[in-house]
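Colleague: Here's a sequence, model it:
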Amino acid sequence: GVAWAQTRGIAKVEVRADNGPWTQAQLATEVNVDTWRMWKAELDLPPGLHTVECRATDKAGYTQTDQRIPPIPDGATGWHSTTFTVR
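Modeller: Numbering: from 1, shown residues only. Just a heads-up that it's a prediction; the model follows:
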């Protein structure tokens, strides 16, 4: 995935599956605080339907809230989530 916190940079990204505990993702090398920060997480999930969510924390200590808000006027918020089936 990718995370972005312009002028502050990304300190960490966390991922969780099916409302379980948050697990810290591995961050790629930071180019600078104004660029997207790539990350990856490996999850061992059993077969079936799963929902995975992620949230980022910037270097100022602000962690994304789960409340989804449109991007205008102050930027979007909310955890990104996706649902998929493991076979």
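Colleague: Asp58: what's it in contact with?
Modeller: Asp58 makes contact with 5, 8-11 under the criterion Cβ atoms under 8 Å, 6 or more residues apart in numbering. Backbone N, C-alpha and C define where each C-beta goes, glycine included.
Colleague: all strands of the chain, in order?
Modeller: 2-3, 10-17, 23-24, 26-27, 37-40, 48-58, 80-86 (DSSP state E).
Colleague: Mean neighbour count, those: which tops it?
Modeller: Comparing the strands of the chain by mean neighbour count (mean count of other Cβ atoms under 10 Å), strand 10-17 comes out on top with a mean of 19.
Colleague: Met38 and Val2 touch, don't they?
Modeller: Yes. Counting by Cβ atoms under 8 Å, Met38 does reach Val2; the two are 5.5 Å apart.
Colleague: if you skip the residues just before and after it, what's nearest to Lys40?
Modeller: Spatial nearest neighbour of Lys40, excluding adjacent residues (Cβ to Cβ, 6 or more residues apart in numbering): Gln26 at 5.4 Å.
Colleague: For that neighbour, give me its contacts.
Modeller: 39-41 are the contacts of Gln26 under Cβ under 8 Å, 6+ apart.
Colleague: Return the distance of it relative to Ile69.
Modeller: From Gln26 across to Ile69, the span is 28 Å (Cβ to Cβ, to the nearest Å).
Colleague: circling back: figure out which of the strands of the chain is closest to Thr65.
Modeller: Closest to Thr65 of these, according to Cβ to Cβ: strand 48-58, at 8.3 Å.
Colleague: can you give me how far that closest one is from the chain middle?
Modeller: Relative to the mean C-alpha coordinate of its chain, strand 48-58 is positioned 7 Å out (Cα atoms, centre = their mean, to the nearest Å).
Colleague: again with stretch 72-82
Modeller: 11 Å.
Colleague: Then stretch 45-52?
Modeller: 18 Å.
Colleague: Output that stretch as PDB - backbone C-alpha positions only.
Modeller: C-alpha atoms of stretch 45-52 as PDB (Å, rounded to 0.1, in the frame of the first residue of the first chain):
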ATOM      1  CA  LEU A  45      -5.500 -15.800   6.800                       C
ATOM      2  CA  PRO A  46      -7.500 -19.000   6.700                       C
ATOM      3  CA  PRO A  47      -9.800 -19.700   3.700                       C
ATOM      4  CA  GLY A  48     -13.000 -17.700   3.700                       C
ATOM      5  CA  LEU A  49     -14.200 -14.100   3.500                       C
ATOM      6  CA  HIS A  50     -12.000 -11.400   5.100                       C
ATOM      7  CA  THR A  51     -12.000  -7.700   5.600                       C
ATOM      8  CA  VAL A  52      -8.600  -5.900   6.000                       C
END
